[in-house]
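*Asks:* next one to model:
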Amino acid sequence: MDILYLLIPLSVVLVAVIVAAFFWAIRSGQFDDLEGPAHRILLDDDERPEPEPADDKDKRAPHTGAGKH
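*Replies:* Now for the predicted structure:
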């Protein structure tokens, strides 16, 4: 029975340390985005150059539809 005088305060201190560590982890951003970096590595964000047009017609400015009627 005398051991309870040691174990109960010890367990309360241990729980307090665990709760403090949990709130520190939340405030420091440890749980912000768990899957973002893992998915970001799979995305292909490389910019590819546009292919050169084969005709000289393709190099002209596109028609805007506001021509003379």
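
*Asks:* report the distance from the helix ranked longest in the chain to the chain centre.
*Replies:* Criterion DSSP state H: the longest helix present in the chain is helix 4-27. In terms of C-alpha atoms, centre = their mean, to the nearest Å, the centre of helix 4-27 is set 31 Å apart from its chain centre.

*Asks:* just the mean pLDDT for that helix, thanks.
*Replies:* Averaged across helix 4-27, pLDDT comes to 97.

*Asks:* please save the CA atoms from that helix in PDB.
*Replies:* Output of helix 4-27 as PDB, limited to C-alpha atoms (Å, rounded to 0.1, in the frame of the first residue of the first chain):
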ATOM      1  CA  LEU A   4       0.800   3.900  -4.100                       C
ATOM      2  CA  TYR A   5       2.200   7.000  -2.500                       C
ATOM      3  CA  LEU A   6       5.000   6.800  -5.000                       C
ATOM      4  CA  LEU A   7       3.300   5.500  -8.000                       C
ATOM      5  CA  ILE A   8       0.300   7.800  -8.200                       C
ATOM      6  CA  PRO A   9       2.300  11.100  -8.100                       C
ATOM      7  CA  LEU A  10       4.800   9.500 -10.500                       C
ATOM      8  CA  SER A  11       2.000   8.600 -13.000                       C
ATOM      9  CA  VAL A  12       0.500  12.100 -12.700                       C
ATOM     10  CA  VAL A  13       3.900  13.700 -13.500                       C
ATOM     11  CA  LEU A  14       4.300  11.300 -16.400                       C
ATOM     12  CA  VAL A  15       0.900  12.200 -17.800                       C
ATOM     13  CA  ALA A  16       1.700  15.900 -17.500                       C
ATOM     14  CA  VAL A  17       5.000  15.400 -19.400                       C
ATOM     15  CA  ILE A  18       3.200  13.500 -22.200                       C
ATOM     16  CA  VAL A  19       0.500  16.200 -22.500                       C
ATOM     17  CA  ALA A  20       3.100  19.000 -22.500                       C
ATOM     18  CA  ALA A  21       5.000  17.200 -25.300                       C
ATOM     19  CA  PHE A  22       1.800  16.700 -27.300                       C
ATOM     20  CA  PHE A  23       0.900  20.400 -27.100                       C
ATOM     21  CA  TRP A  24       4.500  21.400 -27.900                       C
ATOM     22  CA  ALA A  25       4.300  19.200 -31.000                       C
ATOM     23  CA  ILE A  26       1.000  20.800 -32.100                       C
ATOM     24  CA  ARG A  27       2.300  24.400 -31.600                       C
END
